[in-house]
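Engineer: sequence and predicted structure are below.
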Amino acid sequence: MAKHGKKYLEAQGKIEAGKFYEPREALELIKQISSTTFDSTVEVHLRMGLDPRQADQQVRDTVVLPNGLGKTVRVLVFAQGDAAQAARDAGADYVADDDSWIEKIQGGWTDFDVAIAMPQTMGIVGRLGRILGPRGLMPNPKAGTVVGPDQIATAVMEAKAGRVEFRLDKTANLHVPIGKVSFDLQALYENMSALMSAVKKARPSGAKGNYIKRVTVTSTMSPAVRVDLQLSQIMD
C-alpha cells in the first residue's frame, strides 16, 4: 500500500468520510486542499457502467470547455492552399504545408499539443503514425482533429480555446482535465457542467443500466472528493 506524505494526509482529513458532495462544494473543497507549489490541474474522473471490450460500448468525443484549460495549447495543422492560410489566420502555431515538416517530425520534433489535418492530407500524415500515435497526437475524426478545409479555422480556434477529448480507457473510466486550481469556482463549475453534458450526449448505443456509476474530482497529487452522482448529472 502506497504511503502518503503529511500534506496529502492533512488534505484527506478535510474530506468527510462517506460523504458525497454537491458538485460546487466538491470543487470548492479541491481548491482548498490543493497543496502543490505549482498551479495544479483539476480533473474529473468518471467510473462508467460500460464494457470497454464491446464495440458498441465505446465512448470517445470532445468538449469545448467554456473557460479553457488555463494553459497555452500549441496547434499544428496539416493543410494546403487556402486552408493553410485559414489555419494561420485562426491562430495555428505551425502549418505543415510542405514535405519539410514531415521530415522534421520524422526526425523527432513534436513540440505541439494538438495536430489537425484535412482528409486530403491524411495519406501523408499516416506516414507519421509511429511518432504521433504513441504520443496521442495522431489526428482523428472522432477527436474533431480531421476536418474539411472549410472547418479548419473553427477546429484551430476550438483547440486553442480548450477543446478536450475524453475517451473510455481499458478499465471503464474517463479521466478529464477541466482547468486549474487557480480558476475561480464558477469557472470550474461551468467547465465541469459542460463536460457532464457532453458525456451524457456521448452515451453509446450498447450502454445498459447505469451509464455513469461514480464521479470524483481531484487535483494534482490530492486525494479524491466524491461527488453526488444524481446532482452531477443535472448541472447547468
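Structural biologist: Arrived safely. Numbers count the residues shown, from 1 in each chain.
Engineer: any weak-confidence spans in this protein?
Structural biologist: 1-4, 236 (pLDDT under 70).
Engineer: domain map for it?
Structural biologist: Per automatic domain parsing, the domain ranges recorded for the chain read 18-69+163-232, 75-161.
Engineer: centre of the chain versus the shortest one, how much separation?
Structural biologist: So the one you mean is domain 75-161. Between the centre of domain 75-161 and the centre of its chain there are 18 Å (C-alpha atoms, centre = their mean, to the nearest Å).
Engineer: go on, the first one?
Structural biologist: Its chain's C-alpha centre and that of domain 18-69+163-232 lie 10 Å apart, by C-alpha atoms, centre = their mean.
Engineer: that older thread, can you redo the domains of the chain as CSV with mean neighbour count and distance to Y8?
Structural biologist: Using the backbone N, CA and C atoms, a C-beta is placed for each residue, glycine as well. Putting the domains of the chain into CSV (neighbours: other C-beta atoms under 10 Å; distance: least, C-beta to C-beta, whole Å) gives the following:
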stretch, mean neighbour count, distance to Y8
domain 18-69+163-232, 18, 6
domain 75-161, 17, 28
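Engineer: just put those in a markdown table and tack on distance to G5.
Structural biologist: Below are these laid out as a markdown table (distance: least, C-beta to C-beta, whole Å):
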| stretch | distance to G5 |
| --- | --- |
| domain 18-69+163-232 | 9 |
| domain 75-161 | 30 |
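Engineer: hang on, I178 is in a strand, isn't it?
Structural biologist: Yes - per DSSP: H, G, I helix; E, B strand; the rest coil, I178 lies within a strand segment.
Engineer: coming back round to it: which one of the domains of the chain lies nearest to E10?
Structural biologist: domain 18-69+163-232 (7.7 Å; C-beta to C-beta).
Engineer: gap between the two ends of that closest one?
Structural biologist: 17 Å (C-alpha to C-alpha, to the nearest Å).
Engineer: what ranges do the strands span in this protein?
Structural biologist: Using DSSP state E, the strands of the chain run over residues 41-48, 60-64, 75-78, 94-96, 114-117, 163-167, 173-180, 212-219, 225-227.
Engineer: helices or strands next to the second one in the packing?
Structural biologist: Read that as strand 60-64. Packing partners of strand 60-64 (3 or more C-beta pairs under 8 Å, 6 or more residues apart in numbering; DSSP states H and E): strand 163-167, helix 185-201.
Engineer: and for the longest one, what's in contact with it?
Structural biologist: When you say that, I think you mean helix 185-201. Outside of helix 185-201, the residues within contact range by C-beta atoms under 8 Å, 6 or more residues apart in numbering are 23-24, 27-28, 31, 42, 44, 46, 59, 61-67, 164, 166, 174, 176, 178-179, 183, 211-212, 215, 217, 232-233, 235-236.
Engineer: next, the angle strand 173-180 makes with it.
Structural biologist: Helix 185-201 runs at 150 degrees relative to strand 173-180, counting by axes from the mean of the first three to the mean of the last three C-alpha atoms, to 10 degrees.
Engineer: offset the numbering so it begins at 26, please.
Structural biologist: Understood, numbering begins at 26; the last thing we discussed is helix 210-226.
Engineer: only alpha carbons, please: show helix 210-226 as PDB.
Structural biologist: C-alpha atoms of helix 210-226 as PDB (Å, rounded to 0.1, in the frame of the first residue of the first chain):
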ATOM      1  CA  LEU A 210     -15.100  28.400  -8.500                       C
ATOM      2  CA  GLN A 211     -17.700  29.400 -11.100                       C
ATOM      3  CA  ALA A 212     -15.300  28.800 -14.000                       C
ATOM      4  CA  LEU A 213     -14.500  25.300 -12.800                       C
ATOM      5  CA  TYR A 214     -18.200  24.600 -12.200                       C
ATOM      6  CA  GLU A 215     -19.100  25.700 -15.800                       C
ATOM      7  CA  ASN A 216     -16.300  23.600 -17.200                       C
ATOM      8  CA  MET A 217     -17.500  20.500 -15.200                       C
ATOM      9  CA  SER A 218     -21.100  21.200 -16.300                       C
ATOM     10  CA  ALA A 219     -20.100  21.300 -20.000                       C
ATOM     11  CA  LEU A 220     -18.100  18.000 -19.500                       C
ATOM     12  CA  MET A 221     -21.000  16.200 -17.800                       C
ATOM     13  CA  SER A 222     -23.400  17.300 -20.600                       C
ATOM     14  CA  ALA A 223     -21.000  16.100 -23.300                       C
ATOM     15  CA  VAL A 224     -20.500  12.700 -21.600                       C
ATOM     16  CA  LYS A 225     -24.300  12.200 -21.400                       C
ATOM     17  CA  LYS A 226     -24.700  13.100 -25.000                       C
END
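Engineer: many thanks, we can stop here.
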